[in-house]
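In: Provide a 3D model corresponding to the input given below.
(one chain, ligands or ions: 1)
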Amino acid sequence: MLQSVLSERMVRLIRFFAPRGIRVSRAMGQYVWDTDGRRYLDFHTGNGAAFLGHLNPHVVRRLREQLDRVTVLPPLYDSDALDEALSALGRVLPPHLGNVFFQNSGSEAVELALKLARKRTRRRRKAVAFTGSFHGRTFGALSVTFNRSYREGYEPFPFEVDFLPFNSIDDLRRIGEDVAAAIVEPVQGEGGLTPATEEFLRELERRCREVGAYLIVDEVQSGFGRTGLVWDHMRANLRPDVLVAGKSIGGGFPVSLVAVTDEIASRVEDGEHGSTHGGNPLALAAVTGGVEALISDDVPSKARAAAELLMSGLREIASENGQVVRSVKGRGLMLGLELRFNPAQAIRDLQTRGLLALRAGTTVLRFLPPYLITPEDVEWATAQISGSLTSLGSSKPSG
Ligand SMILES: Cc1ncc(COP(=O)(O)O)c(C=O)c1O
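Out: Here you go, the predicted model:
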């Protein structure tokens, strides 16, 4: 009976987002192909997760090898997969953050960072985040996420959060001794591709020290080479208490991590946190492969070079299309164009031209290309963007 019911219909996916209307059959490097064999240049990369390129060979090799060893093993058992991932991360994590816990998603890692801060600041109830922030969709992560449309209907949240104006140094004085943690993205991604200034980041760290609040740096989107540095906060010489990473660290495999100081790690209590899949051996193998790719292909410097090209192409487009483009946004390979209208139509049009993109904030057309895009890819992409915006500009009233 059950058999026949199931065979008659498929269950439906809950569509929190409207489908893009293409059916993808495969992907490689910077490209994806649909089932008709049409190729797309991928500047969406699964919300930035495939920054190392689709099917990165280092990641694929590590995953293949791990599939023949063991695929389920919580990290309370020792294994080669665990040792390899830990020693790989030792090559790229900031030296003062030599302790990690693995989770499955960026939101979960943010959740753990907030939990650590709450408990270790003697249960301070307040957190500080910034206008435009995005840290994820679980309750803790959502509490420090600014966008009202994501929050509405889900209150009350586990933290009372002050959203201070991003990049306003003066407002950092408002972080008081009742604050457990301040959380910041070095470059805001989802909120609109706004980089934090170095002075702002340094003053935030100073103020957190002064009041005994944790400084959590969320590099889920900006980290792992995307901005031309392994971790973008390094440009301000920050020493956060907690670093959160995800998206590209495992070449797009669902894995995230929280890295903390010895001081925090030494006070962890038996059983106070855990995760069934966090630190799964496949995820660990993916991280090992991800770090190998990052180092052996010098991903940060390639990302920097590609970013310079794309940035100059976007600047040209902005100067030629002032009636539709307000400004160029972002840093490294987190770039975009702030439009004078909602970018949905531009995203659809670019897709029909063969370029996949996404949105940030309400008006930013966002590009999250993989580090391995070539100068020819950039030239082709900017031609599509220019063509698309010019034609949209001629069909829209300016304003
Ligand atoms: C800065 C930042 N933090 C956290 C998250 C949440 O990550 P996830 O979607 O893997 O839960 C994201 C996702 O876009 C992000 O950009």
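In: closest residue of the stretch 51-200 of the chain to the ligand?
Out: With Cβ to the nearest ligand atom, the shortest gap between the stretch 51-200 of the chain and the ligand falls at Gly106, namely 2.3 Å. Every C-beta, even on glycine, is put in place using the N, C-alpha and C of the backbone.
In: these two touch, right, that residue and Val220?
Out: Yes: here Gly106 reaches Val220: they are 3.7 Å apart, a contact under Cβ atoms under 8 Å.
In: okay, and the common contacts of those two?
Out: By Cβ atoms under 8 Å, 6 or more residues apart in numbering, Gly106 and Val220 have these common neighbours: His135, Gly136, Val244, Gly246, Lys247, Ser256.
In: need phi/psi at the nearest residue to Ile347 once chain neighbours are set aside.
Out: Nearest residue to Ile347 in three dimensions, chain neighbours excluded: Ala357, at 5.3 Å (Cβ to Cβ, 6 or more residues apart in numbering). When read as degrees, to the nearest 10, the backbone of Ala357 gives phi -140, psi 180.
In: Ala357 and Phe146, how far apart?
Out: As for Ala357, its distance to Phe146 is 22 Å (criterion: Cβ to Cβ, to the nearest Å).
In: more neighbours, the two?
Out: Neighbour count, other Cβ atoms under 10 Å: between Ala357 and Phe146, Ala357 has more, with 26 against 19.
In: ok, that one - contacts?
Out: Contacts of Ala357 by Cβ under 8 Å, 6+ apart are Phe43, His44, Pro343, Ala346, Ile347, Leu350, Gln351, Leu365, Arg366, Phe367.
In: what of Arg125?
Out: Taking Cβ under 8 Å, 6+ apart, we find Arg125 in contact with Arg118, Phe159, Glu160, Asp178, Ala180.
In: could you rerun that using 6 Å?
Out: The contact partners of Arg125, by Cβ atoms under 6 Å, 6 or more residues apart in numbering, come to Glu160.
In: same thing with Asn104?
Out: Contact analysis of Asn104 by Cβ under 6 Å, 6+ apart lists Pro254, His277, Gly278.
In: please redo it, this time with the cut-off set to 7 Å
Out: Pro254, Val255, Ser256, His277, Gly278 (Cβ atoms under 7 Å, 6 or more residues apart in numbering).
In: quick check, nearest of the residues you listed to the ligand?
Out: Nearest member of the contacts of Asn104 to the ligand, counting by Cβ to the nearest ligand atom, is Ser256, at 6.3 Å.
In: next one, pLDDT for the closest one please.
Out: With respect to pLDDT, Ser256 has a value of 98.
In: need the three-state assignment for Leu243.
Out: With DSSP: H, G, I helix; E, B strand; the rest coil as the basis, the three-state label of Leu243 is strand.
In: neighbours of it, just the number please.
Out: Neighbour tally, Leu243, other Cβ under 10 Å: 26.
In: ok, now Leu350?
Out: So Leu350, with other Cβ under 10 Å, has 25 neighbours.
In: same thing with Leu229?
Out: 21.
In: also the one 10 residues further on?
Out: Other residues near Arg239 come to 15 when the count uses other Cβ under 10 Å.
In: roughly how far apart are it and Phe159?
Out: Arg239 sits 23 Å away from Phe159, going by Cβ to Cβ.
In: likewise for Ala141?
Out: To Phe159, Ala141 is 10 Å away according to Cβ to Cβ.
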